[in-house]
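Visitor: Could you look at this predicted model? Sequence included:
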Amino acid sequence: MMRTAFFLLFLATSFGIASAAPPQDPLQSPNWQDMAERLLSGHAIEFDERVKISVPSTVENQAQVPVTADARALPNVVKMIVFADLNPIQHALTLTPGQAAPFISFRMKIEQATPIRAAALTSDGVWHVGGIFLNAAGGGCSAPAVGRGEASWSETLGQASGRLWREADGFSRLRFRIRHPMDTGLAKDNTPAYYIERMEFKGNKGEPLALLEMYEPVSQDPTLTLLVRLPAGDTALDVQGRDNNGAIYRSSVPAPWRQSILAPTKQLLEQGPARC
Amino acid sequence: MKSWKVLIAPSVCAMLAGLAAPALADVSIEDIVNDATTTNDVVTSGLGTQGQRYSPLKTINADNVAQLVPAWAMSLGGEKMRGQQAQALVKDGVLYVTGSYSRMWAVDVKTGRELWQYDHRLPEGILPCCDVVNRGAALINDKVIFGTLDAKLVALNQKTGKVVWTKEIDDYKGGYSYTAAPLIVPSKAHGPIVVTGVSGGEFGIVGRVEARKVDDGELVWSRPTIEGHVGTLNGKPSTMTGKQGETWPGDLWKTGGGATWLGGTYDPETNLIFVGAGNPAPWNSHMRPGDNKWSCSRIAIDPETGNIKWGYQTTPNDGWDYDGVNEVVSFDLNGTKAVATADRNGFFYVLGREDGKFISATPFVEQISWAKEIGKDGRPVFDPANRPGDPKKAADGKKGSSIFAVPSFLGGKNQQPMAYSPDTKLFYVPANEWGMDLHNEPVTYKKGAAYLGAGFTIKPIFEDHIGALKAVDPATGKIVWTYKNRAPLWGGVLTTGSNLVFFGTPEGELKALDATDGKQLWSFNTGSGIVAPPITWEQDGEQYVSVLSGWGGAVPLWGGEVAKTVANLNQGGMLWTFKLPKKLAEAK
């Protein structure tokens, strides 16, 4: 890890990438420097109130904390990540919006009180970071998933449900849930890490709309809200998921409105940098 | 500003990848076919596709083997232990090994440090008959492939341990699982194929052999082992195995068993895949008069089509669970292309490699009760008094008369593989001397439930030992020497060009014997029982020996009175690696 960080630093300086020390953390997290190095290195970082994180004021269930990350106030977002500094596994997800808004709602496991942050990378190469301190009692990550231990998880694995709504701004709001234990591998019973690691969202004619990479902190039975630009004439949105055991999940969410009344919606979003 | 940032990102990726691991070259099909002769790697289960488990290495020899030292040991970790039955693989300084509960590791052979670990997420309802074991992986190209207890085949990237593809072999809820090491075989029509079988013989499944493309796991052909079932080739029905109803009564062939749970071997000289098919279902043989082909058999399969070239049945109408999956090892019998197999039923068979023609069968255990001998025609001469009685003929119609049969159903030899030395021209057979009380009961098939129709208890037949490593001369059937062990032998054997025989015992000792006389030269206590085969290879001019230690398998679960001999053995999960340091090797 140290070598990697050093190496990136070396590359950054030798090629002239902005590599100043990350700015002071308004939330004063002891883990901020490490998070910035691991997840945000290679680009300039600034705290930016246009990146909003919403969480409930009181956490009722640490295994299912609703989180909304919204960077729609920023132009040209090519990537957005959500992480929790003080979780045993910090990185929850990465959204590459493509034809979607830089917006996601999901549920997350929280081990203890922690900053929850969203960082949005804009096409000019700057990470814009927003965050909030979530007060919580703890226990979400190292506790087994609720469904674990029940023989039933394998019976319902991959069952999905979803719905699309037409929004006034031309986006379609997708609400999607898929059954999966999303095991962290940290529980005392040796249940290995088992989670959906990749979800691709496409129009039903095959146009890629968004890519979501998820990690262990996303709650059991991931429940997601995204805002996507469904191509005109597409009558459904296809979702393809893959978990870390290689299982493939496919589902399709119908767009129930009449297509003929829609004005053509087309907006070119810039492509992000090549990903590792 | 933006443009060069986009350009630079891939180079960062490439350079980081370069930092991470030793240089790994792909494992080619030539590497696999030539594995028996290359000493710096072990890329197949069996140290060569013929399964001889012979290494030409001579650095470690009878004079210096006592100076072997542990190079490192690596714990398989976690609270999950149980039986560790896998043979490790080594390529370009990386060792790949599988463990209990469908787990796999990649390890740096110089330091013993883990490079990655893959833990397969198992559902709660898996139905493995004989412990939660795995017997190893297969390397091909940039992938490492293994089977899981929920009957899936998983291909991982060798460098990262990430899943490339997963295929379901069958429904684990129906009793299927997969524990054998997959076999990689060349084919003209399909490129390299990965050949697997199925486990679950105790649950009334139907055994089959399947070949898949290594790149994506797509099924190429399927070959059922039980007469009457039709195979597939390129997604279409191909040929029927045997002729429906010929050696099976009624509908019993539909749930006829013949599980192919121990995988297979491949002989490049005849271009044939050899697979053992297990016991017929149910155990109660009175329900299925006839030979019940191809249960308890060895079959030779054409890699291009999946068609059966020849079959040889060791125990027709098996009534003792002489689950004849035992490995088929190709060897040269004084100029004749032959194969040998040491059966659960206690006989050591030598067959023609090209046609399966019967050459000889001789006992490799002290006592055999179920058959008087194997006749000149290759069929056993049964002893009717030693077949368990028909429950229908019992007074209550429920429990047939009990008999004492030798060997026990765990066999004269079970899953633990034997080795063959082309130098001594001897087979080294990890055998067990035991018998069983056995009776039959009526039974009906129910999906996912044990389908036996028998009750049993295993008993030792000697005071001082059950395990017995035998040196068998395939030309004469003569037992040249025997090494006795108190507990049953359950690990495999390795032999080397310097006339050494390596094997482990449930007591935890990894031993080296003189291959010519069976004299013990070295022993090391690994701390838990060994039920896995050792390997050897050469790394940077030093010869290494590696073996998994971790007690478990079928013996503690099914062993009856025998369990007493293993009562004080504890579970474990440790990969032990030994080497002969260069200085000591040069000392002579």
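Guide: Yep, it's here.

Visitor: Poorly predicted segments of chain B, please.
Guide: Applying pLDDT under 70 to chain B flags the ranges B:1-23, B:588.

Visitor: Residue B:188 contacts residue B:304, correct?
Guide: Yes - contact criterion C-beta atoms under 8 Å: residue B:188 and residue B:304 qualify, at 6.3 Å. All C-beta spots, glycine's among them, are computed from the backbone N, C-alpha and C.

Visitor: for chain A, what spans make up the helices?
Guide: In chain A, the segments counted as helices under DSSP state H are A:2-14, A:32-40, A:153-156.

Visitor: rank those by pLDDT, which is bottom?
Guide: Lowest mean pLDDT within the helices of chain A: helix A:2-14, a mean of 42.

Visitor: which residues does the residue nearest to residue B:91 when sequence neighbours are not counted contact?
Guide: Spatial nearest neighbour of residue B:91, excluding adjacent residues (C-beta to C-beta, 6 or more residues apart in numbering or on different chains): residue B:41 at 4.8 Å. For residue B:41, the contact set (C-beta atoms under 8 Å, 6 or more residues apart in numbering or on different chains) comprises B:31, B:35, B:90-92, B:537.

Visitor: for residue A:93, same thing?
Guide: Residue A:93 is in contact with A:81-82, A:104, A:106, A:212-215, A:218, counting by C-beta under 8 Å, 6+ apart.

Visitor: Mind putting the residues you listed into CSV with pLDDT?
Guide: Converted to CSV, the contacts of residue A:93 look like this (pLDDT from 0 to 100):
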residue, pLDDT
A:81, 98
A:82, 98
A:104, 98
A:106, 98
A:212, 98
A:213, 98
A:214, 98
A:215, 97
A:218, 97
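
Visitor: So which of those residues belong to strands?
Guide: Counting by DSSP state E, these place A:81-82, A:104, A:106, A:212-214 in strands.

Visitor: Need the residues you listed in TSV (columns: distance to residue A:71 and neighbour count).
Guide: Shown next, in TSV, are the ones in strands among the contacts of residue A:93 (distance: C-beta to C-beta, whole Å; neighbours: other C-beta atoms under 10 Å in any protein chain shown):
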residue	distance to residue A:71	neighbour count
A:81	11	21
A:82	11	26
A:104	10	24
A:106	15	24
A:212	15	26
A:213	17	17
A:214	18	25
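
Visitor: Tell me the one of these nearest chain B?
Guide: For the ones in strands among the contacts of residue A:93, the residue nearest chain B by C-beta to the nearest C-beta is residue A:213; the value is 12.9 Å.

Visitor: got the end-to-end distance for stretch A:49-60?
Guide: End-to-end span of stretch A:49-60 (C-alpha to C-alpha, to the nearest Å): 26 Å.

Visitor: which residues make contact with it from outside it?
Guide: The contact list for stretch A:49-60, computed with C-beta under 8 Å, 6+ apart, reads A:65-71, A:73-74, A:82, A:110, A:116-120, A:128-132, A:134-137.

Visitor: Buried subset of these, written for PyMOL?
Guide: A single PyMOL command is used to select the members of these judged buried by 16 or more other C-beta atoms under 10 Å in any protein chain shown:
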select buried, chain A and resi 65+66+67+69+70+71+74+82+110+116+117+118+119+120+128+129+130+131+134+136
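
Visitor: Among the contacts of stretch A:49-60, name the ones in strands.
Guide: Short answer: the contacts of stretch A:49-60 in strands (DSSP E) are A:65-70, A:82, A:116-120, A:128-132, A:134.

Visitor: So the nearest residue to residue A:165 once chain neighbours are set aside versus residue A:254, what's the distance?
Guide: Spatial nearest neighbour of residue A:165, chain neighbours left out: residue A:173 (4.6 Å); criterion: C-beta to C-beta, 6+ apart. From residue A:173 over to residue A:254 the distance is 14 Å, taken as C-beta to C-beta, to the nearest Å.

Visitor: So for those two, which residues contact both of them?
Guide: Joint contacts of residue A:173 and residue A:254 (C-beta under 8 Å, 6+ apart) are residue A:164.

Visitor: quick one: which of the two has more around it?
Guide: Comparing residue A:173 with residue A:254 by neighbour count (other C-beta atoms under 10 Å in any protein chain shown), the higher total belongs to residue A:173, at 16 against 12.

Visitor: Which residues does that one form beta bridges with?
Guide: Listed by DSSP bridges, the beta-bridge partners for residue A:173 are residue A:165, residue A:227.

Visitor: Give me the neighbour count for the nearest residue to residue B:504 once chain neighbours are set aside.
Guide: With C-beta to C-beta, 6+ apart as the criterion, residue B:504 has its nearest non-adjacent residue at 2.5 Å, and that residue is residue B:530. For residue B:530, the neighbour count with other C-beta under 10 Å is 31.

Visitor: Just say helix, strand or coil for residue B:530.
Guide: Following DSSP: H, G, I helix; E, B strand; the rest coil, the label given to residue B:530 is coil.

Visitor: Would you format the contacts of residue B:41 as a markdown table with distance to residue B:271 included?
Guide: Listed next are these as a markdown table, based on distance: C-beta to C-beta, whole Å:
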| residue | distance to residue B:271 |
| --- | --- |
| B:31 | 18 |
| B:35 | 17 |
| B:90 | 27 |
| B:91 | 24 |
| B:92 | 28 |
| B:537 | 27 |
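
Visitor: Out of those residues, which sit inside helices?
Guide: residue B:31.

Visitor: Just put the contacts of residue B:41 in TSV and tack on neighbour count.
Guide: As requested, the contacts of residue B:41 are arranged in TSV below (neighbours: other C-beta atoms under 10 Å in any protein chain shown):
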residue	neighbour count
B:31	18
B:35	24
B:90	24
B:91	22
B:92	17
B:537	24
